[in-house]
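how does the following fold in three dimensions:
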Amino acid sequence: MEAALGFFTRLANLWSGFLSLWVSDLEKDHPEIAYENSINAMVEKYSTLKKATAAIIRRREEIESRFTSKTKELDQIEADLNTAVESEEDELALILINKQNALQSEVTELNDELQQARQDADDAKASLLNVQSEINKLKSEKDRMLAKMASAKARVQVQEQLEGLSVDAEVKALDNVRQHINSLSAEAKLNKELSGESLDARLAKLRRQTGDVTAKKQLEELKAKRAAAKAAQAQKTM
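The predicted structure follows:
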């Protein structure tokens, strides 16, 4: 039986631990919940303390009322005692003296209780005002911290967006394009240079030179025939 109770106790503690961690994470993501919980707890404490303070003040007022009543009664007894002594009412004077002594003791005790009750009431009111001040501080802190958190989140979002639009990434992309274009240009130049030094290119160049030589021979032959024709014509006319 004890083992079973121990098991359920550990299970309850484990569940409480998980619940505490879950609530802690929830409050981190939603700090307004944590502040509301703290403020509500302080308000509840304030309400309880207010009732206790009211009871202390009520007790102080009761003691004050009794003290005032007994003090008046003591003053009256003293006046009656003086009258009895002046009237030589010895028996009555003795009774009044005993009553005066009892009242004096009671008034002294009531005065001590009244002083303590007044101190208790002052302490309770001070505590009440302190709790009230803490509640107001928490409310102000809640507004300030939530605004601070919103501002921090906005800055983080801006930073993430700036990182996503990094200039380095764009420049790197352009560098790749530039390298590709330069590579194509270099390849085109190389092809041109290689085409000028190839066998086909050299043969084509040679053929062009051969064509030029043949054309010059044909031109010289035409000139020679024409000169011969002119010479023959000149001889006929002579």
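
just want the most central residue of the protein.
Centroid-nearest residue in the chain, with C-alpha atoms, centre = their mean: Met149, separated by 3.2 Å.

if I look at it, how far off is Leu138?
As for Met149, its distance to Leu138 is 16 Å (criterion: C-beta to C-beta, to the nearest Å). Just so you know, the C-beta spots here come from the backbone N, C-alpha and C atoms, and that holds for glycine as well.

sorry, back to before: helix or strand for the residue nearest to the centre of the chain, which one?
Using DSSP states H and E, Met149 sits within helix 90-164.

do the same with Lys51
Taking DSSP H and E as the definition, one finds Lys51 inside helix 31-86.

packing partners of that helix?
Helix 31-86 is packed against helix 2-29, helix 90-164, with contacts defined by 3 or more C-beta pairs under 8 Å, 6 or more residues apart in numbering; DSSP states H and E.

repeat that with 6 Å
helix 90-164 (3 or more C-beta pairs under 6 Å, 6 or more residues apart in numbering; DSSP states H and E).

mean confidence score for the helix it packs on?
Helix 90-164 carries an average pLDDT of 89.

and the angle from it to helix 31-86?
For helix 90-164 against helix 31-86, the angle by axes from the mean of the first three to the mean of the last three C-alpha atoms, to 10 degrees is 170 degrees.

elements contacting helix 90-164?
Helix 90-164 makes packing contacts with helix 31-86 when contacts are defined by 3+ C-beta pairs under 6 Å, 6+ apart.

can you point out the buried residues in stretch 79-88?
80-81, 84 (16 or more other C-beta atoms under 10 Å).

right, I mislabeled it, should have said stretch 53-67
Using 16+ other C-beta under 10 Å as the test for burial, stretch 53-67 gives 53, 56-57, 60, 63, 67.

could I get the CA-only coordinates of that stretch as PDB?
Output of stretch 53-67 as PDB, limited to C-alpha atoms (Å, rounded to 0.1, in the frame of the first residue of the first chain):
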ATOM      1  CA  THR A  53      -6.500  45.500   8.400                       C
ATOM      2  CA  ALA A  54     -10.200  46.300   8.800                       C
ATOM      3  CA  ALA A  55     -10.500  43.700  11.600                       C
ATOM      4  CA  ILE A  56      -7.400  45.200  13.400                       C
ATOM      5  CA  ILE A  57      -8.900  48.700  13.100                       C
ATOM      6  CA  ARG A  58     -12.200  47.500  14.300                       C
ATOM      7  CA  ARG A  59     -10.500  46.000  17.400                       C
ATOM      8  CA  ARG A  60      -8.600  49.200  17.900                       C
ATOM      9  CA  GLU A  61     -11.800  51.200  17.900                       C
ATOM     10  CA  GLU A  62     -13.400  48.700  20.300                       C
ATOM     11  CA  ILE A  63     -10.500  49.100  22.700                       C
ATOM     12  CA  GLU A  64     -10.600  52.900  22.300                       C
ATOM     13  CA  SER A  65     -14.300  52.900  23.200                       C
ATOM     14  CA  ARG A  66     -13.800  50.700  26.200                       C
ATOM     15  CA  PHE A  67     -10.800  52.800  27.300                       C
END
